[in-house]
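[1] Coordinates only, no sequence provided:
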């Protein structure tokens, strides 16, 4: 089950939320102090953080600001304030949602479920992205862009580029590329690789000062910046 970090200085409220979360099957970590809560968040992989704004040592907005430098963990702000600026500031600093006290535990649980679903979708999208410099491939959407401009590739070109992106800076021989892209049972000339490299270069590198696809003479091909080649 997901792990939730609760950073709340009102101990009775924190205990009540903790019991309800555990009843729903969540694992719960708890801190009553902003600075200690930030340390706990940075040192542990939690799935969601419930973060009060009014905290000792370090207020919730400062905790959120520092946390966002290193982690994208979903955060729901908890606040007794109903001021619009507090909500806007929290959301602008990277909070995923907010709850104004007093709130019903049912609504909080619903907001938690929604934030966890959103976080899971973001993680899946991140896992499907392959990048090298300004070249981006979204594997799930079968989309490629360079410098934010869409590039149209055939199925074979897409698979070849994916192979390079998944093995960045490694030099891949023609034989390795044939095996990975065309398959073990391919029967034909190995120069098919050179042909498709030319196709790919014309779409990925032509018109750009920084070239990404490089030939390593006598060995094969690699995808990287020129200064990354060993």
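    That came in fine, so what should we check first? As the structure is a prediction and not an experimental result, all values here were calculated from the model.

[2] which parts of stretch 191-204 are buried?
    Buried residues in stretch 191-204, counted by 16 or more other C-beta atoms under 10 Å: 192-193, 196-197, 200-201, 203-204. In short, each C-beta sits where N, CA and C put it, glycine included.

[3] got TSV for those residues, with secondary structure and distance to residue 24 too?
    Compiled in TSV, the buried residues of stretch 191-204 are given as follows (DSSP: H, G, I helix; E, B strand; the rest coil; distance: C-beta to C-beta, whole Å):
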residue	secondary structure	distance to residue 24
192	helix	56
193	helix	54
196	helix	52
197	helix	54
200	helix	50
201	helix	54
203	helix	50
204	helix	48
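
[4] how about these in JSON lines, adding pLDDT and distance to residue 26?
    Below are the buried residues of stretch 191-204 laid out as JSON lines (pLDDT from 0 to 100; distance: C-beta to C-beta, whole Å):
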{"residue": "192", "pLDDT": "89", "distance to residue 26": "54"}
{"residue": "193", "pLDDT": "91", "distance to residue 26": "51"}
{"residue": "196", "pLDDT": "94", "distance to residue 26": "50"}
{"residue": "197", "pLDDT": "95", "distance to residue 26": "51"}
{"residue": "200", "pLDDT": "96", "distance to residue 26": "47"}
{"residue": "201", "pLDDT": "96", "distance to residue 26": "51"}
{"residue": "203", "pLDDT": "95", "distance to residue 26": "48"}
{"residue": "204", "pLDDT": "95", "distance to residue 26": "45"}
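
[5] Quick one: the helices in this protein, in order.
    Under the criterion DSSP state H, helices of the chain are mapped to 11-23, 34-43, 60-67, 84-92, 105-127, 155-166, 174-177, 191-204.

[6] Name the nearest of the buried residues of stretch 191-204 relative to residue 128.
    Nearest to residue 128 out of the buried residues of stretch 191-204 is residue 204 (C-beta to C-beta; 19.1 Å).

[7] Report the residue spans of the chain with pLDDT below the cut-off.
    For the chain, residues meeting the criterion pLDDT under 70 lie at 81-84, 86, 120-127, 184-190, 226-230.

[8] Now do the domain split for it, please.
    Here the domain parsing of the chain from automatic domain parsing is 3-127, 129-228.

[9] Look up how far residue 193 lies from residue 12.
    68 Å (C-beta to C-beta, to the nearest Å).

[10] Return the member of the buried residues of stretch 191-204 nearest to residue 138.
    Residue 138 lies nearest to residue 204 out of those, by C-beta to C-beta, at 15.1 Å.

[11] Cheers, nothing more for now.
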